[in-house]
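1. The following block contains a protein sequence and its predicted model.
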Amino acid sequence: MMSQLVAERTALVNFELIKPSVDPAPFLAEIDRLENPWDIATGRQDKIKVQREARVIAIRGLRKSAIGSRERRDVHESRYTSTARLFPYTTAFLESFALEYGGELARAKIVCLPAGHRVYPHIDRGEYYAQRDRFHLILQGQEGSWLKAGEEQLEMRTGELWRFDNKAVHEAYNGGSGDRIHFIFDLKPLPLRDDKNLIGAE
């Protein structure tokens, strides 16, 4: 039985609203300029069972040359994909927010969940995820974007940027009538600097 939908959007354990209003139009314009952008890479839905109903545009991915003997979930190194050059506004936002947040760039993707489709319950395990924060920027979700993490459920709204705990069991469902599109990215928090670390400090 699902827990009660969270009506109060404060005092949440697994969710934190970072920005209440980000204009989604420039992000969506970059998607709309391309023909069949969701067909550029289908590995995620082909290989990851819990993600099989989602469609993805990869902006940053793991650096395959760094995998070696490690599992993919333990690979820390990442890089921009060849597709990222087609998304200058999206990448500029990502880099600007990373500076503002104080985080190191990691993996990033634009994810489309068609109407009636879901991402099945799972936990993002591994060394990579353990050291990084997960963010969702809601670009499109006419009837709200439902996401559950742990025992909390939330209807996120278009233009909101949320951080949530993907180390908790989480799932998503699009109960709306149109595509639900999120820009999903990870950042590794940088150590806080003190005065001794500042340039010019004595």
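-> Great, that's in hand.

2. So what's the gap between the longest helix along the chain and the chain middle?
-> When the chain is parsed with DSSP state H, its longest helix is helix 88-101. How far helix 88-101 lies from its chain's middle: 13 Å, per CA atoms, centre = their mean, to the nearest Å.

3. Ok, stretch 27-42 next?
-> Worked out by CA atoms, centre = their mean, stretch 27-42 lies 17 Å from the chain centre.

4. Tell me where this protein is predicted with low confidence.
-> Scanning the chain for pLDDT under 70 picks out 1-10, 43-46, 192-202.

5. can you give me the strands for this structure?
-> Per DSSP state E, the chain carries strands over the ranges 15-19, 55-62, 78-80, 103-113, 118-122, 133-140, 145-149, 152-156, 161-164, 170-173, 180-189.

6. Identify whichever of these lies nearest to residue 87.
-> Proximity to residue 87, assessed across those by CB to CB, is greatest for strand 55-62 (6.1 Å). Any C-beta I mention is one placed from the backbone N, CA and C, and that applies to glycine too.

7. so what strands line up beside the closest one?
-> Sheet pairing of strand 55-62 (DSSP bridges) gives strand 78-80 (antiparallel), strand 103-113 (antiparallel).

8. start to end distance for stretch 136-151?
-> End-to-end distance for stretch 136-151: 18 Å, by CA to CA, to the nearest Å.

9. Among the strands paired with strand 55-62, which comes closest to residue 58?
-> strand 103-113 (5.2 Å).

10. Can I get that closest one in PDB, CA atoms only?
-> Below are the C-alpha coordinates for strand 103-113, written out as PDB (Å, rounded to 0.1, in the frame of the first residue of the first chain):
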ATOM      1  CA  GLY A 103      29.700  20.600  -7.100                       C
ATOM      2  CA  GLU A 104      31.800  18.600  -9.500                       C
ATOM      3  CA  LEU A 105      30.100  17.700 -12.800                       C
ATOM      4  CA  ALA A 106      29.100  14.100 -13.200                       C
ATOM      5  CA  ARG A 107      26.500  12.200 -15.300                       C
ATOM      6  CA  ALA A 108      23.500  14.100 -16.800                       C
ATOM      7  CA  LYS A 109      20.600  13.100 -19.100                       C
ATOM      8  CA  ILE A 110      17.300  14.400 -20.300                       C
ATOM      9  CA  VAL A 111      14.600  11.700 -19.700                       C
ATOM     10  CA  CYS A 112      11.200  11.400 -21.200                       C
ATOM     11  CA  LEU A 113       8.500   9.200 -19.600                       C
END
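
11. ok now that strand, how far from the chain's centre?
-> 5 Å.

12. Numbering from 14 from now on, please.
-> Sure, I'll start counting at 14 from here, so that last one is strand 116-126.
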